[in-house]
Structures are given as structure tokens and as C-alpha cells.
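1. Sharing a sequence plus its predicted fold:
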Protein chains: 2
Amino acid sequence: MSKPAVILLSGGLDSTTVLAIAKQQGFIPYAMSFDYGQRHRVELEAAKRIAKHFGVVQHSVVQFDLRQIGGSALTTNEPVPKHRSVAEMGSGIPITYVPARNTIFLSFALAWAEVLGAQDIFIGVNALDYSGYPDCRPEYILSYEQMANLATRAGVEGTTRLTIHTPLMAMTKKQIIETGLSLGVDYSLTTSCYDPEESGQPCGQCDACILRNKGFAELNMTDPLVNS
Amino acid sequence: MSKPAVILLSGGLDSTTVLAIAKQQGFIPYAMSFDYGQRHRVELEAAKRIAKHFGVVQHSVVQFDLRQIGGSALTTNEPVPKHRSVAEMGSGIPITYVPARNTIFLSFALAWAEVLGAQDIFIGVNALDYSGYPDCRPEYILSYEQMANLATRAGVEGTTRLTIHTPLMAMTKKQIIETGLSLGVDYSLTTSCYDPEESGQPCGQCDACILRNKGFAELNMTDPLVNS
């Protein structure tokens, strides 16, 4: 009954929660991460720790360089915005948006799913916190799923149907953390910061840190990463 | 009036013809190639020659390793089929199909197009010769285009509309070569073989060689690559 699923795992709070959800739903987890020239490469170490901790069958790290394309503060030397209010984050597309990143990530996941014979891909996109990210919106994900079902061998043979799962889509950060905690997720393993110190410690001031801290604060908790 | 366009350039006959068509249509060409662990890496040298020959503004070679995903004779040590008839090629999806390859390629092109401000991507897919390739079919391309128009900054802002151009979609190989010749394409610069000799010479026996040779034969020509 258990089916394989490809889970996109950045090493952050959201994707780690998604991995826990996929396991809880009975999927056999194959984790996929990307070393794409991101400013916050420290997340890859977190992804490796988490994949091991969750006992995934395989953890594939795909390497390419989005710095040669640029267009984002995460893939250039452009400074990451700091100290923004949640209202400011919600207005317009932030400079931390990486052009077509989720489309590229999902496309590698699609290739791997086809080879594994998996019909399920999990991605931790969330429309609430970042209403401005084009590739986190439900209409985008639905359209990607439709395309993916034409793109592969199964699309021609009509044998199977691929589903893109987005269990966090409508959750607040607080709800995501609550869900993860109920599944036993150890958030001290995860990292969300866009612009970490050389030591790997979060900056505490970028959008990702602010949203993460807000989530823990709303649960009257402090981030176990910061205390670890 | 001239607009930038991203042209996927493998170094083969088809994509080179597409580059010539895009230039003839007045687009400012940005060529993109992929070093993905393909068996026939010799095509990358061809792509570089062709990009230079056509005077593209920039030629971006994106590197990643599809051998870690596998699933194709082009990205494993599985032998490439030889001596197949055109009828055999048309029945089922050949082992040279690389899972989700065009989806991955188009996704990097989409990222680059977004950063360049380009609204046009050209790809040399062709539904006639390889009716079996899922990601060469018109319904797939149309669906990709719809997805791409939701995936990016322009998709949220509604400012521009991206078009995926497939000028070869309904052409036979003969028609593709005729079109290219009428635009002055020098096909001795291109390579199509899936399994070239170490010298770079085509094997003459794989599907790609057979279709290419058939195209030239139907024009009562010999392949200028073989004679060069």
C-alpha cells in the first residue's frame, strides 16, 4: 500500500514539516535538495541532517548554478532586505524571489518521480505568508500539475496520474509549526534564514527569520534553533 | 522593435535551424545549452561553434547531472538502439527519451527569460519524427506555456505574456533542412548522433543519425557533416 513520493527538502521549517506530513500519510520518502548557488548554503547541511533523521530512502542533492542567471538577492550579491514588517513583505514581489526556482525544482522532482515510478511530489509552498511569490500560488501549482501530466511517459500512456501535494498552502506559520510539533518534528534541525552568519546562526532580521520568529512567538515558544 | 528571445540550442540540426528562424524573425538571440551528463557531449562543442557563428548576444551553458537520475540510454550506460526502421522508431517511447528533460530545459530558459525581460522562448521540438516523445507534443508545449505564464513575476503583475515558439513542430526532417538551407544554415557545424565515436564522428546507425540521413537523402544530398 505504501507508495514512493518525492519530497522537496530545502532544510527549512516548511519543507521539513512537509516531509513529516508525507511520512505520516504513509508515503515512502525520497528527498530532493538543490545546491543552486544560494546565499544560504547552510540550509543544505540542515537538509542532510533532516533527511538522515527522518530515514528517507534516498536523498538526492542536485547541483547547478543559478548565479549565472541571477535576478534575486539569493543568487547575486544584492543585499537581502532586513527589518521589514509583515505588511511590507506582503506588498509586491520581494527581491528574494528567485526567477522560476520552483518550476526548476519541480521539474527535477518530476524527472526523478518518473524514474522511481512515483506518482506523488510534495512541496512546501505557502500562499499566506508570501502572497507575492508567483510560484507559491495555488493556480500555479495546479497548472504545473496539469503540465506534468502531459510531460512524461505516463502522460502518453495514460497509466498513472501525478499529484503535486502542497499541504502547507493555506496554513499560517503558526499552524505549520503546530502541525510539525504534533508529528514530533525537531525544529532545531532546520534553518530558515536567507542571510546566515558564517557560523550558520540566523541573522534574525530577514523576512524568513521574522516570519519564523513570529510563528514561534504566536505559540509562546522561542525558536529551538536559536536556543540550540 | 527587436526583442530578445531565449533559444534552446543543443548543437543539433533542429535547434540550429530554430536559431536561424528566430534570427530571421528579427529576435535578438540568447542561446542556452545544457551539459547534463549526456552521452553525446560532443554536441556541446557544436553548440558553442554555432552560437559563435550566429553571433548570439550570449551563450549560457547550464551544468547539472541527469546521470544521478538516469532512466534513459542517454544518461546511463544502457546501449543506444541501432539500425531501427522509421516504423520501429514510431512505436512507443524509445529508451533515448530522457525523463522530463524538455521540462527541465524550458524551466531554465524561463528563468533566464524572466531575468532578461524576454517574452519569447524557442525550442526545436518536432512531433512528426518522434511522435513517441511525450515532451515533444503540441499539447505538452501549450500546457507548459500556460504554466509558465503563472510562474513568474509577469504572471502576477499581468504585464507581459510569454510565448513558447516551436517552429519545427509540424515539419518533416526534409522540410527542416530545406528551411535551414534557405536561411543559409551550414549543417556541417551541427551534430545529431546519440552515440558518436570518440573522434566526434556520427555512428550512422542510431535513430538520430538515421532520421538525419533520411532527411538529406530525400533532398538528394549527403550530410555535409559526414563529408566535412
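-> That came through fine. Residues are numbered from 1 along each chain as shown, chains lettered A, B, ... in the order given.
2. Every contact and neighbour count from this point should use C-alpha atoms.
-> Will do.
3. Quick check: which element contains residue A:37?
-> For residue A:37, there is no helix or strand it lies in under DSSP states H and E.
4. Between helix B:101-116 and the longest helix along chain A, find me the angle.
-> Taking DSSP state H as the assignment, the helix of chain A that covers the most residues is helix A:101-116. Relative orientation of helix A:101-116 and helix B:101-116, computed by axes from the mean of the first three to the mean of the last three Cα atoms, to 10 degrees: 170 degrees.
5. Would you mind checking the average pLDDT for helix A:101-116?
-> Taken as a whole, helix A:101-116 has an average pLDDT of 97.
6. what do you get for stretch A:171-187?
-> Over the span of stretch A:171-187, the pLDDT mean works out to 97.
7. Span of that stretch from start to end?
-> Using Cα to Cα, to the nearest Å, the gap from the first to the last residue of stretch A:171-187 comes to 17 Å.
8. what is residue A:35 paired to in the beta sheet?
-> With DSSP bridges as the criterion, residue A:35 is bridged to residue A:63.
9. Now for it: which residues touch it?
-> Contact analysis of residue A:35 by Cα atoms under 8 Å, 6 or more residues apart in numbering or on different chains lists A:41, A:44, A:61, A:62, A:63, A:64, A:65.
10. Run through the residues that contact the first one.
-> In this case it means residue A:41. With contacts defined as Cα under 8 Å, 6+ apart, the neighbours of residue A:41 are residue A:35.
11. Now with 10 Å, please.
-> When the contact criterion is Cα atoms under 10 Å, 6 or more residues apart in numbering or on different chains, the partners of residue A:41 are A:10, A:11, A:34, A:35, A:194, A:195, A:196, A:200.
12. For these, please prepare JSON lines with the additional fields secondary structure and pLDDT.
-> Compiled in JSON lines, the contacts of residue A:41 are given as follows (DSSP: H, G, I helix; E, B strand; the rest coil; pLDDT from 0 to 100):
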{"residue": "A:10", "secondary structure": "coil", "pLDDT": "97"}
{"residue": "A:11", "secondary structure": "coil", "pLDDT": "97"}
{"residue": "A:34", "secondary structure": "strand", "pLDDT": "98"}
{"residue": "A:35", "secondary structure": "strand", "pLDDT": "97"}
{"residue": "A:194", "secondary structure": "coil", "pLDDT": "93"}
{"residue": "A:195", "secondary structure": "coil", "pLDDT": "93"}
{"residue": "A:196", "secondary structure": "coil", "pLDDT": "93"}
{"residue": "A:200", "secondary structure": "coil", "pLDDT": "85"}
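13. hang on, the earlier thing: just the buried residues of the contacts of residue A:35.
-> A:41, A:44, A:61, A:62, A:64, A:65 (16 or more other Cα atoms under 10 Å in any protein chain shown).
14. count of neighbours near residue A:24?
-> 11 (other Cα atoms under 10 Å in any protein chain shown).
15. actually residue A:78, sorry about that
-> Counted with other Cα under 10 Å, residues neighbouring residue A:78 total 13.
16. Over to residue A:135?
-> When neighbours are counted by other Cα under 10 Å, residue A:135 registers 30.
17. now it, what's its secondary structure?
-> Under the three-state scheme (DSSP: H, G, I helix; E, B strand; the rest coil), residue A:135 adopts helix.
18. Look up how far residue A:104 lies from the closest residue to it other than its chain neighbours.
-> Using Cα to Cα, 6 or more residues apart in numbering or on different chains and skipping the chain neighbours, the partner closest in space to residue A:135 is residue B:151 (4.9 Å). To residue A:104, residue B:151 is 11 Å away according to Cα to Cα.
19. Next: residue A:166.
-> In this structure, residue A:166 and residue A:104 are 17 Å apart, going by Cα to Cα.
20. Compare these two (neighbour count), which wins?
-> Neighbour tally, residue A:166 and residue A:104, criterion other Cα under 10 Å: the higher count belongs to residue A:104, 21 against 17.
21. burial count for the closest residue in space to that one that isn't next to it in sequence?
-> Nearest-residue entry for residue A:104: residue B:107, 5.2 Å, with adjacent residues in sequence omitted and distances by Cα to Cα, 6+ apart. A count of nearby residues for residue B:107, using other Cα under 10 Å, gives 25.
22. coming back round to it: common neighbours of residue B:151 and residue A:104, please.
-> With Cα under 10 Å, 6+ apart applied, the overlap between the contact sets of residue B:151 and residue A:104 consists of B:107, B:110, B:111.
23. can you list the weak-confidence ranges in chain A?
-> In the prediction, chain A carries residues with pLDDT under 70 at positions A:1, A:129-131, A:227-228.
24. Name the residue most distant from the centre of it?
-> No residue in chain A has its C-alpha farther from the mean C-alpha position than residue A:157, which lies at 30.7 Å (Cα atoms, centre = their mean).
25. Might you report the residue contacts of that one?
-> Taking Cα under 10 Å, 6+ apart, we find residue A:157 in contact with A:150, B:92, B:93, B:132, B:134.
26. Specify which member of the residues you listed is nearest to residue A:70.
-> residue A:150 (29.4 Å; Cα to Cα).
27. Quick check: residue A:59 vs chain B, distance?
-> In this structure, residue A:59 and chain B are 11 Å apart, going by Cα to the nearest Cα, to the nearest Å.
28. Could you give the bridge partners of that residue?
-> On DSSP bridges, the residues paired with residue A:59 through beta bridges are residue A:31.
29. do you know how far it is from residue B:213?
-> When distances are taken as Cα to Cα, residue A:59 and residue B:213 turn out to be 43 Å apart.
30. next one: residue A:15
-> The gap separating residue A:15 from residue B:213 is 49 Å, by Cα to Cα.
31. Next: residue A:54.
-> When Cα to Cα is the yardstick, residue A:54 and residue B:213 sit 53 Å from each other.
32. who's more crowded, those two?
-> Using other Cα under 10 Å as the criterion, residue A:54 and residue B:213 rank with residue B:213 on top: 20 against 15.
33. A helix includes that one, no?
-> Yes: with three-state DSSP as the criterion, residue B:213 is part of a helix.
34. Name the nearest residue to it, sequence neighbours excluded.
-> The shortest distance from residue B:213 to any residue other than its chain neighbours is 6.6 Å, reached at residue B:223 (Cα to Cα, 6+ apart).
35. ok, now which ones touch that neighbour?
-> If you count contacts by Cα under 10 Å, 6+ apart, residue B:223 has them with B:187, B:188, B:212, B:213, B:214, B:215, B:216, B:217.
36. If we only consider the residues you listed, which is nearest to chain A?
-> Taking Cα to the nearest Cα as the measure, residue B:212 is the one of the contacts of residue B:223 closest to chain A, at 24.4 Å.
37. looking at it, that closest one is touching residue B:175, isn't it?
-> No: contact criterion Cα atoms under 10 Å: residue B:212 and residue B:175 do not qualify, at 11.5 Å.
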